[in-house]
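Chemist: Pasting a predicted model and its sequence here:
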Amino acid sequence: MGYLKTILTYHQPSEAEVDKAFLESHGFDVCLLNGNTSRNELGAPFYIQLQVVEEHHARATAILREANPARFGSPARVAELDRQIKRTFFATLLGAVPFGALAFLFWPWAFEIFFAEHDAVTHFRVPVAIVAAFIGGYFGLLINRRMMRGRVVPA
C-alpha cells in the first residue's frame, strides 16, 4: 500500500462521509483525515480530508468529478478567484506601504511644526507609521472593493 493522497477537503463531516461511502461502494479504500475531530454539523475545527491510495487517486477523482462536478469548481472560476485574491493583496500593499513610509518619514517633521519637543516625538514614530500603514491598507481595500463592484464571477 502506497501513500495516501487528498482528493477533497471538507468542513462538514456529513459531506465527507457521503463521498467516503460513495467511493467505498466503488471498491476504493478511503480514509478521512481529521474525520473524528468533530461529530456535529456546526463544522469541524480542522478541515476533513478525503484521502485514497496514491495509485487510485486519478480514478477516484474522476468518479467523484463525474458524480458531482460542482464540488471541484470550474477552471475559469478558480482562475478568477485567484486573480481577485492577488488584486486584493496588491491593493492592500499599494495602500499600506506609501502611507506607512510617509508617516515614518514625516511624522517628526510635522510634529515639530506644532510642538518644540523632538525627543517625545521620535518614540511614537514607529507606532504612527504602523497605524498609518493599516489605514492605507484599509483605503486600498476600499478602493479595490469599489473597482470590483458589479463584476460577475463565472460559475
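Modeler: In hand now; what should we look at?
Chemist: need the strands for this protein, in chain order.
Modeler: Listed in chain order, the strands of the chain (DSSP state E) span residues 4-10, 30-33, 48-53.
Chemist: Could you give the average pLDDT over the longest one?
Modeler: Averaging pLDDT along strand 4-10 yields 89.
Chemist: Now do that strand: which elements does it pack against?
Modeler: Strand 4-10 sits against helix 13-25, strand 30-33, strand 48-53, helix 57-67, with contacts defined as 3 or more C-beta pairs under 8 Å, 6 or more residues apart in numbering; DSSP states H and E. Every residue, glycine included, has its C-beta placed from N, CA and C.
Chemist: Centre of the chain to the first one, how far?
Modeler: By that I understand helix 13-25. 26 Å (C-alpha atoms, centre = their mean, to the nearest Å).
Chemist: and that helix with strand 48-53, angle?
Modeler: If you take axes from the mean of the first three to the mean of the last three C-alpha atoms, to 10 degrees, helix 13-25 sits at 10 degrees to strand 48-53.
Chemist: Okay, buried residues for helix 13-25 please.
Modeler: The neighbour-count check on helix 13-25 (16 or more other C-beta atoms under 10 Å) flags 13, 16, 19, 20, 22, 23 as buried.
Chemist: quick one on the thing from earlier: among the helices and strands packed on strand 4-10, which comes closest to residue 136?
Modeler: strand 48-53 (38.1 Å; C-beta to C-beta).
Chemist: by contact count, what packs against that closest one?
Modeler: strand 4-10, helix 13-25, strand 30-33.
Chemist: Kindly reformat the ones you listed as CSV containing distance to residue 96.
Modeler: Putting those into CSV (distance: least, C-beta to C-beta, whole Å) gives the following:
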stretch, distance to residue 96
strand 4-10, 31
helix 13-25, 38
strand 30-33, 37
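Chemist: nearest to residue 53, of these?
Modeler: The nearest among the helices and strands packed on strand 48-53, by C-beta to C-beta, is strand 4-10 at 6.4 Å.
Chemist: Just the CA trace of the closest one, in PDB.
Modeler: Provided in PDB are the C-alpha atoms of strand 4-10 (Å, rounded to 0.1, in the frame of the first residue of the first chain):
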ATOM      1  CA  LEU A   4      -2.400   8.500   0.900                       C
ATOM      2  CA  LYS A   5      -3.300  11.500  -1.300                       C
ATOM      3  CA  THR A   6      -6.000  14.000  -0.600                       C
ATOM      4  CA  ILE A   7      -8.900  14.300  -3.100                       C
ATOM      5  CA  LEU A   8     -11.100  16.800  -1.500                       C
ATOM      6  CA  THR A   9     -11.300  18.900   1.700                       C
ATOM      7  CA  TYR A  10     -14.500  19.400   3.700                       C
END
